[in-house]
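J.: Could you work out the structure for the sequence below:
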Amino acid sequence: MERKSFLKSLGLAGAGALIPFGRVLAGNEEPEAMPTSCTLIPTETAGPFPLDLTANTYYFRSDIKEDRTGAPLKVKMRILGVDNCLPMTNVRVNIWMCDKDGIYSGYDTPQNQGGSATTKWLRGYQITDANGEVEFETIFPGWYQGRICHIHFQVYVSSSYAAISQMTFDIETKNAIYAAFPSLYTKGADPMTFAQDNIFSDGYTYQLASLTGNSVDGYEAFLEVSVKGSGDGNGTSIGHIEKENAKQFSLGQNFPNPHNGITEIPFTLHNAATVSFDIFDIQGRKLTTLEMGRLSAGAHSVKVDMGSLNLPQGNYVYQIAVQNNDGIFRQYKLMTAAR
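T.: Numbers count the residues shown, from 1 in each chain. Presented below is the predicted three-dimensional model:
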């Protein structure tokens, strides 16, 4: 399966990003503790400048800056299932934001002067890792009249459920960033307050991202987001595609995960089928195909040796393709190589 088809399937089935190796992969450290309770993220408008990122495979990426200049910013998010407050793995997270001057890509309107319908900067999506986390490399957004500084995001749990919301920042910390780069953020401090903003005026507790860093090393924003479902990577809202796949096969999470170069992927066929696995990097480039041939119904597994593929540590997507008399069915998950 080629990149275009693979990424199109991501748009239908879900998607996140880079795992912080030093924290969970060193072998002698425990993952950060999960909170004991969580609250459903408030739903907000996707407009006025949303785009269906999955309609263009270009957006499957972690670095979304392109040619935009501004204070360097890493946006990290952890996605939790509100039912059990555990990480949601293998779900897609979309983000989109304005540039330092308050302009969005993809639009050329009187309300977005300076934008262009052909531009794609500061938009992208990733797939959540084993910790339910994604990471994007971008710039700190500016502000525009009528809105306080914010970043849009969508957590796409299944083909029938997605959570759409926005994150914002502490006013003093945010304006300090603008002041640190006066030649870039020429409009100066953001004049809006949360009470004046028509999105956050009714509350912003669960949308206030932490903001750390400095003007030399760059900044990092972090937000924990709880969505409908359980922390099993699928949620409780299942759509048509998920139901059709479930009739044909079930795909397990590779184990161990993270792994040190060799891992095993379990899967179960409900009907005899021809099976193959594609391995992709997080930019959507296909690295290899593992042909399994014709298999009988029942439990199976495939061993993946990352060393033989000469692949470094990082996150990779594996996708199963199951073909039988009923058609071709695909599903993907994300795995982490720590070697």
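J.: Sketch out the low-pLDDT regions of the stretch 201-339 of the chain for me.
T.: Along the stretch 201-339 of the chain, the model assigns pLDDT under 70 to residues 233-238, 339.
J.: Please compute how far stretch 207-219 lies from its chain's middle.
T.: Its chain's average C-alpha position is 19 Å from that of stretch 207-219, according to C-alpha atoms, centre = their mean, to the nearest Å.
J.: To clarify, my last question referred to stretch 77-88.
T.: 14 Å.
J.: do stretch 302-320 as well
T.: With C-alpha atoms, centre = their mean, you get 20 Å for stretch 302-320.
J.: Span of that stretch from start to end?
T.: End-to-end distance for stretch 302-320, by C-alpha to C-alpha, to the nearest Å: 11 Å.
J.: Use 33 as the first number from now on
T.: Noted, 33 is the first residue going forward, which turns the last one into stretch 334-352.
J.: quick one: buried residues of it?
T.: Buried positions in stretch 334-352, judged by neighbour count with 16 or more other C-beta atoms under 10 Å: 334, 336, 338, 343, 347, 348, 349, 350, 351, 352. (Each C-beta comes from the backbone N, C-alpha and C, glycine too.)
J.: which ones are touching residue 239?
T.: Contacts for residue 239 (C-beta atoms under 8 Å, 6 or more residues apart in numbering) come out as 73, 74, 76, 197, 198, 199, 200, 232, 255.
J.: so what's residue 368 bridging to?
T.: The partner list for residue 368 in beta bridges (DSSP bridges) reads residue 347.
J.: can you give me the helices for the stretch 133-282 of the chain?
T.: With DSSP state H, counting those that start in this stretch as the criterion, the stretch 133-282 of the chain has helices at 203-212, 272-280.
J.: Buried deepest among these, which one?
T.: Counting by mean count of other C-beta atoms under 10 Å, helix 203-212 has the highest mean neighbour count of these, with a mean of 16.
J.: List the buried residues in stretch 245-258.
T.: Residues of stretch 245-258 classed as buried by neighbour count (16+ other C-beta under 10 Å): 245, 251, 252, 253, 254, 255, 256, 257, 258.
J.: before we move on, what about stretch 304-312?
T.: Those would be 305, 307, 308, 309, 310, 311, 312, for stretch 304-312 by 16+ other C-beta under 10 Å.
J.: tell me how far it is from the chain's mean position?
T.: Centroid separation for stretch 304-312 versus its chain: 24 Å, with C-alpha atoms, centre = their mean.
J.: Same question for stretch 200-208.
T.: Centre-to-centre, stretch 200-208 and its host chain are 24 Å apart (C-alpha atoms, centre = their mean).
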